[in-house]
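In: Give me a model of this one.
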Amino acid sequence: MEAVLSAAAGDLVNRFLSFLINMYSYIAWSEEKRVEKRLQQLLLRAHTVVEEADRRYITNSGMLQQLRMLSRAMYHGYYVLDTFKCNQLIKEGSKEVMTSASFAATYFGTPLKRSRANTGIGNHKVDDNYDLHRALLKLESVISNMTKFVILLSGCEAMMFRRPYDTYLYVDNFMFSRQTEKQQVINFLLQHNPLGSPSVLPIIGGRLVGKKTLVKHVWNDEKVRSHFSSVLYFNGDNFHGIDNESTSGRLLVVVTFVSDVGDEKWISFYQAVTSICTESKVIIISRMESLERYGTVKPIHLSRLEDGEYRYLFKTLAFGSAHAEDHPKLTLLIEEFIKLLGGSFVGAYSVANILRRDLSLRFWLSMLNRYKNVAKINLSMFGEPLSVRFRVRYPIDFTDFLPSPAAPLHLMPPRTETEVSGRKLPKIRIGDIIVNPSLRPKGDFDLVTWESQIAPYTEFSYHVPSSAQQRRKITLRRKRDTTVCL
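Out: Numbers count the residues shown, from 1 in each chain. Prediction:
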């Protein structure tokens, strides 16, 4: 009898504990869903405000600071929300992902289920409720202080352009982010010169962060274009050759420097601009911080996009006009591509253009596998990350990005303008040759990795020597400047 009572009591205790666990799990699940829904609602409100601010002239510096804070909180919120959704897939034993475990194993090396115990997929943290709540609180705090901002924003003059109906079309054809910097440049150009001589704005930033794109984007603004009679572009080699006689009216003068400039040369150039019109403006574009000394206003510093912004950009480009929610498996791979791209604008656009051709898990995993192999090979050969070599246009061994077996594909620095004009070569886009390697020309050709759809419409290409020439010794820059035989 005692044994029966003991067994019955044990069963009741087990059932009670199971009930408590299930009740707690349901409460936790309900709380997660509530926070997730609330965060989605706030992100929609924040995105609406940011989009509206992007099409208005904002002259108040305080409002620009608030806009920057809102944008950062918004993109961070998108990042946390995506990470949370990815973790939900992993937690669920991955109904959406485990069905394709054979594909995932080709990259992750182990079944996806085992990745839950380590940093398998993009270093996602499974217990990310804290991050979700923190992102929600941060966004709520920022938005709660936006009432006056929205009221003041409604009184700002609207810009004369129409946004495409599709987010992907907008990102691909207009400058992404940089709302605050764009407004700062516009305000500088439209303001009266307080010193009675041309004002000078230095725009300083690293390689390929969008300095020229920012200036071109601002110049496309109707109000800015109507403010100046013309725009003149110079570089360090020809900036001293401004023609005072044939040039007149209020000018926008843009000078790009790749190295420092002596004071005498700058003074001579500045005097020439002043003699034409004292209401002209000068913009200096350079990576050299020393050139800030020629500025008459506070310089604008451009850096790479923050993680949340960059992830949003790449995700939008990669999925194109499709909805990311319809492809949860692919969302898991976004973070892996981002780690390999190293924050590169060119890399984001070129890789996303390839991925957008086929939104299947098999294709994306294949591209990820190939890119990882290329990055590993180049790191071993040259001692530098692949993203760095792309940024500075160093030679790259890109053979493993093509379907195997393939002829060697060695990307050499782009040809000079003199070489291009002296010898015309076939030109092919990287996405075309990856999908169909038979399109590769037999001899030398130029490989286009990306063509910008916005001014200054820069084309990023590499010179690819013919397969017959691939085995000659080519001096490649690496840690110890040695000669590598390709």
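In: What are the boundaries of the strands in the stretch 51-200 of the chain?
Out: 199-205 (DSSP state E, counting those that start in this stretch).
In: which residues of it fall in helices?
Out: 61-91, 101-108, 129-144, 147-154, 167-173, 179-190 (DSSP state H, counting those that start in this stretch).
In: Between helix 129-144 and the fourth one, find me the angle.
Out: Read that as helix 147-154. 60 degrees (axes from the mean of the first three to the mean of the last three Cα atoms, to 10 degrees).
In: Show me which residues of helix 147-154 are buried.
Out: Buried residues in helix 147-154, counted by 16 or more other Cβ atoms under 10 Å: 149, 153. All C-beta spots, glycine's among them, are computed from the backbone N, C-alpha and C.
In: Can you tell me which helices and strands it packs against?
Out: Applying 3 or more Cβ pairs under 8 Å, 6 or more residues apart in numbering; DSSP states H and E, we find helix 147-154 packed against helix 2-54, helix 61-91.
In: Which of those helices has the lowest mean pLDDT?
Out: When the helices and strands packed on helix 147-154 are compared by mean pLDDT, helix 2-54 comes last with a mean of 68.
In: okay, how far is it across stretch 294-310, tip to tip?
Out: Counting by Cα to Cα, to the nearest Å, you get 32 Å between the two ends of stretch 294-310.
In: can you list contacts of that stretch?
Out: 71-72, 75-79, 176-178, 181, 184-185, 188, 195, 199-206, 209-211, 214, 261, 266, 270, 284, 292, 313, 338, 343, 345, 348 (Cβ atoms under 8 Å, 6 or more residues apart in numbering).
In: avg pLDDT for it?
Out: On average, stretch 294-310 scores 91.
In: That one: how far from the chain's middle?
Out: Offset of stretch 294-310 from its chain centre (Cα atoms, centre = their mean, to the nearest Å): 14 Å.
In: Buried residues in that stretch, which are they?
Out: If you call a residue buried by 16+ other Cβ under 10 Å, then stretch 294-310 has these buried ones: 294-296, 299-300, 302, 304-306, 308-310.
In: My read is that Ser229 contacts Ile276, right?
Out: No. Taking contacts as Cβ atoms under 8 Å, Ser229 lies outside contact range of Ile276: 9.8 Å.
In: So which of those two has more stuff around it?
Out: Ile276 (21 against 15; other Cβ atoms under 10 Å).
In: Now for that one: which residues touch it?
Out: Neighbour list for Ile276: 242, 244, 247-249, 251 [criterion: Cβ under 8 Å, 6+ apart].
In: again with Val150
Out: Contacts of Val150 (Cβ under 8 Å, 6+ apart): Val49.
In: pLDDT score for it?
Out: The per-residue pLDDT reported for Val150 equals 90.
In: before we move on, the earlier item: out of the contacts of stretch 294-310, which end up buried?
Out: 71, 75-79, 176-178, 181, 184-185, 188, 199-205, 209-211, 214, 261, 266, 270, 284, 313, 338, 343, 345, 348.
In: Excluding sequence neighbours, find me the nearest residue to Pro465.
Out: Asp444 (5.5 Å; Cβ to Cβ, 6 or more residues apart in numbering).
In: can you pull the buried residues of stretch 266-283?
Out: 266, 269-270, 272-273, 276-277, 279-283.
In: So which of those is the closest to Ser404?
Out: Nearest to Ser404 among those is Ile283, at 48.1 Å by Cβ to Cβ.
In: Wasn't the closest one part of a strand?
Out: Yes. Judged by DSSP: H, G, I helix; E, B strand; the rest coil, Ile283 forms part of a strand.
In: Test my guess that it contacts Val255.
Out: Yes. Counting by Cβ under 8 Å, Ile283 touches Val255, with 7.3 Å between them.
In: still on that earlier bit, overlap in contacts of Ser229 and Ile276?
Out: Joint contacts of Ser229 and Ile276 (Cβ under 8 Å, 6+ apart) are 248-249, 251.
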